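[1] Sequence first, then the predicted structure, then my questions.
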Amino acid sequence: MTNMVTATGLRKSYGGKVVLDGIDLDVPAGTVFALLGPNGAGKTTTVEILSTLIRADAGLAVVAGHDLNDDVGSVRGKIAVTGQFAAIDNMLTGEENLRLMADLRHLPKQRGRQLTAELLAKFDLEDAARKLPATYSGGMRRRLDLAMTLVGDPRLIFLDEPTTGLDPRSRRTMWQIIRDLVANGVTILLTTQYLEEADQLADRIAVLDHGRIVAQGTADQLKSQVPGGHIRLRFADTGTLDMAARALDRVVRDDDALTLQVPSDGSVHSLRAVLDRLDQAAVEVETLTVHTPDLDDVFLALTGQGVRA
């Protein structure tokens, strides 16, 4: 299939308050799709609808090739949901948690044991297999939680804040696991408040605000919509600064720092044009840095607040 998720006009209200106001989503199969937005934007409601936990008031959705309204059972057989907090039984060892999931999936006993061993190895949990999760680090608990969702061989995984509370090393380990899953054909629908995470992982991003999709595209496409990109040039002395200011247009000058700030879209063409004009004027630049908007700038521009507000 081309899309793992296709949703049109999804709406949901609670007690007269509109939570989702007719959103459209297309999530290509075998990709990471990030759903971002401030708290209360409707991210959780969207995931709950698409993962069959609640029903939309209106709209259509096809998930994993099945109509969400008419074939919920088939959808549930193709998806898995990993919440912000690990759904682990702390009274069972890591190995026993995985075997329990295999039993719940009605796998033959031998296949369940084989799959448990494979997942413990894949998620680097072999040494902790017979230990209780209470002894695990945060990163180990998240890896076990994700391993448990893979027992059913899902083709679409909903990941809600998968690295919340993890240290940078554990976060990057989880990122690599997600990349490996996608490389094997799994589709990931990710919600996160770590903008770097979306930037690193997502093939496409949708920004949700007040129940509406306000922007959608790749990270670079979203950043290109936000003004504020510039090239910062620093010069050795005031005389060189004066020459550069005369050679360039629309500059912001800082005499104390001996710098000029030139608007730029961050492209190589834009940088080359600036350098060519300085070269023609025989102006030597001491240092140069290129500043482009990041996803936090995108949030501020599109929603009027940072993502963690």
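    Structure's in. What do you need?
[2] When you work out contacts or count neighbours from here on, use the C-alpha atoms and nothing else.
    Noted.
[3] Off-centre distance for the one helix or strand Met101 maps to?
    Element membership of Met101, judged by DSSP states H and E, is helix 94-104. Here helix 94-104 is found 29 Å from its chain centre; the criterion is C-alpha atoms, centre = their mean, to the nearest Å.
[4] May I see the buried residues of that helix?
    Residues of helix 94-104 classed as buried by neighbour count (16 or more other C-alpha atoms under 10 Å): Gly94, Glu95, Glu96, Asn97, Leu98, Arg99, Leu100, Met101, Ala102.
[5] By residue count, tell me the biggest helix in this protein.
    In the chain, taking DSSP state H as the definition, the longest helix is helix 168-183.
[6] Next, the distance between the ends of stretch 32-51.
    16 Å (C-alpha to C-alpha, to the nearest Å).
[7] Which positions within that stretch qualify as buried?
    Here stretch 32-51 shows 32-38, 41-43, 45-51 as buried, counting by 16+ other C-alpha under 10 Å.
[8] circling back to that earlier point, which elements pack onto the helix holding Met101?
    Contact here means 3 or more C-alpha pairs under 8 Å, 6 or more residues apart in numbering; DSSP states H and E; on that basis helix 94-104 packs against helix 109-122, helix 138-149.
[9] now the angle from that helix to helix 109-122?
    Interaxial angle of helix 94-104 relative to helix 109-122 (axes from the mean of the first three to the mean of the last three C-alpha atoms, to 10 degrees): 140 degrees.
[10] contacting residues around helix 94-104?
    For helix 94-104, contacts defined as C-alpha atoms under 8 Å, 6 or more residues apart in numbering pick out 88-89, 109, 112-113, 116, 120, 128-133, 144, 147-148, 151-152.
[11] Is Leu119 in contact with Ala147, as I believe?
    Yes: using C-alpha atoms under 8 Å, Leu119 is in contact with Ala147, at 6.1 Å.
[12] related to what we said a few turns ago, for the longest helix of the chain, buried residues please.
    Ser170, Arg171, Met174, Trp175, Ile177, Ile178, Arg179, Leu181, Val182.
[13] what does it rub up against?
    By C-alpha under 8 Å, 6+ apart, helix 168-183 touches Gly30, Thr31, Val32, Phe123, Gly139, Arg143, Pro162, Thr163, Thr187, Ile188, Glu197, Leu201.
[14] got TSV for the residues you listed, with secondary structure and distance to Asp21 too?
    Listed next are these as TSV, based on DSSP: H, G, I helix; E, B strand; the rest coil; distance: C-alpha to C-alpha, whole Å:
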residue	secondary structure	distance to Asp21
Gly30	coil	27
Thr31	coil	25
Val32	strand	24
Phe123	coil	39
Gly139	helix	36
Arg143	helix	35
Pro162	coil	26
Thr163	coil	29
Thr187	strand	25
Ile188	strand	24
Glu197	helix	27
Leu201	helix	27
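[15] Among the residues you listed, which pair sits farthest apart?
    Using C-alpha to C-alpha, the contacts of helix 168-183 span at most 24.5 Å, a distance reached by Gly30 and Gly139.
[16] for Pro28, phi and psi?
    phi -60, psi 140 (degrees, to the nearest 10).
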